[in-house]
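**Q** Need coordinates for the following:
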Amino acid sequence: EVQLVESGGGLVQAGGSLRLSCAASGFTLDDYAIGWFRQAPGKEREGVSCISSSGASTYYADSEKGRFTISSDNAENTVYLQMNSLKPEDTAVYSCAASAYGCYAAFEYWGQGTQVTVSS
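**A** Here you go, the predicted model:
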């Protein structure tokens, strides 16, 4: 069974940091690109970052460049999102998803999400 489980969310003050984890099971990261998405209340889901199946390519939304870093540990079958200099507008439910065809293709599998709340 394919499963993605996010963890690491929580409450942090503005300017703080969090590291989110996306643990994959039922498949290996060697075969799937992993993306991070977020959805704030009343807003549409938006892409945050993505890492290719090889780990050689990473992508970030403009508002996250320089603050967020995506990485993967294939031995642990886990993808991480290090978030620094957090802002209140980063508050959202963060979810990871897997795509067999790359970061710009459809994502077939989704995790349940983890809440990130940034206080001002």
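
**Q** rest of the way, CA atoms for contacts and neighbours
**A** Fine.

**Q** Centroid-nearest residue for the chain?
**A** Residue closest to the average C-alpha location in the chain (CA atoms, centre = their mean): residue 36, at 2.7 Å.

**Q** From residue 120, how far off is that one?
**A** Distance, residue 36 to residue 120, using CA to CA, to the nearest Å: 23 Å.

**Q** just to revisit the earlier point, helices or strands up against the helix or strand hosting the residue nearest to the centre of the chain?
**A** Following DSSP states H and E, one finds residue 36 within strand 33-39. Strand 33-39 sits against strand 46-51, strand 92-99, with contacts defined as 3 or more CA pairs under 8 Å, 6 or more residues apart in numbering; DSSP states H and E.

**Q** Same question for the first one: list its buried residues.
**A** Neighbour counts using 16 or more other CA atoms under 10 Å place 47, 48, 49, 50, 51 of strand 46-51 among the buried residues.

**Q** so what's the first one up against?
**A** Residue 47 is in contact with 35, 36, 37, 38, 61, counting by CA atoms under 8 Å, 6 or more residues apart in numbering.

**Q** from the residues you listed, which would you call buried?
**A** 35, 36, 37, 38.

**Q** Dump the helices and strands packed on strand 33-39 to a markdown table, plus distance to residue 78 and mean pLDDT.
**A** Listed next are the helices and strands packed on strand 33-39 as a markdown table, based on distance: least, CA to CA, whole Å; pLDDT from 0 to 100:
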| stretch | distance to residue 78 | mean pLDDT |
| --- | --- | --- |
| strand 46-51 | 12 | 97 |
| strand 92-99 | 11 | 98 |
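
**Q** thinking residue 28 is in contact with residue 79, fair?
**A** No - counting by CA atoms under 8 Å, residue 28 sits too far from residue 79 to count as a contact (11.1 Å).
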